[in-house]
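Trainee: How does the following fold in three dimensions:
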Amino acid sequence: MPQSKFIEDPLSDNPYRKHIKQYSWPQIVSFLTLVAVGIPRCVQSINSENGPERLPTIKKRMVCVLIFGICQSIFGMVSMFVFKPESETRFLLVSISQFVTMVLVGLFAFEYLFTCILHYDYLAIPAAISAAVLAVVLKNYAERCYYGLYIAWSIQLFSGVLELYLVLNNRIMDGMFHEESQ
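Mentor: Alright, predicted model coming up:
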């Protein structure tokens, strides 16, 4: 007999479901911090002068943000196997690293996002395939409650490596928003 939407689900005592509901607020706080820090930085960077040091400065900042993001995604994947899902240690470490990542992205990556572009090439295809393969592998070995996280972490890992490679090989150029504001 199908369950009514108004009756409590008898399987609602599932510890994974409780854990996800109880600990979803740090992601909301991290996202709001990203927006609160990133929007003013974006406006500031769009209106900034187009000096010769602008792109190298953005490049240095992006290298730091990308390396931290890659390390954060690797840490997140490792924590799936080291800690249990309901572990407070895992929750604190991952939440703090996500918050720091959002602050760094808001401070430095929004400037890059709205004023620069990367010249992507054929390397985007192997990066996407690698992210999909890693997500499938993790699906077979990680616990079910991490389903959305390991997909995000594998995309973050391989897109971060791709962008780091492109930034280090000087594929960074002025973007549309910056050119129009000049």
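Trainee: for this protein, what spans make up the strands?
Mentor: Here the chain has its strands, by DSSP state E, at 116-118, 172-174.
Trainee: Find the nearest non-adjacent residue to the residue nearest the centre of the chain, please.
Mentor: In the chain, the centroid-proximal residue (CA atoms, centre = their mean) is Gln156; its distance is 5.5 Å. Counting by CB to CB, 6 or more residues apart in numbering, Gln156 lies nearest to Ser73, which is 4.2 Å off, once chain neighbours are set aside. To be clear about C-beta, it is placed using only N, CA and C from the backbone, and glycine gets the same treatment.
Trainee: ok, that neighbour touching Ile151?
Mentor: No - the criterion here is CB atoms under 8 Å, and Ser73 misses it with Ile151 at 11.2 Å.
Trainee: which residues sit in contact with the residue nearest to the centre of the chain?
Mentor: 69-70, 72-73 (CB atoms under 8 Å, 6 or more residues apart in numbering).
Trainee: Looking at Ser73 and Ile151, which one has more neighbours?
Mentor: Neighbour tally, Ser73 and Ile151, criterion other CB atoms under 10 Å: the higher count belongs to Ser73, 24 against 17.
Trainee: ok, now which ones touch the more buried one?
Mentor: Taking CB under 8 Å, 6+ apart as the test, what Ser73 contacts is 153-154, 156-157, 160.
Trainee: List just the nearest of the residues you listed to Thr57.
Mentor: Gly160 (19.9 Å; CB to CB).
Trainee: distance of the closest one from Gly69?
Mentor: From Gly160 across to Gly69, the span is 5 Å (CB to CB, to the nearest Å).
Trainee: how about the helices of the chain, start to end?
Mentor: Per DSSP state H, the chain carries helices over the ranges 15-22, 25-46, 54-82, 88-104, 110-115, 124-141, 147-168, 176-181.
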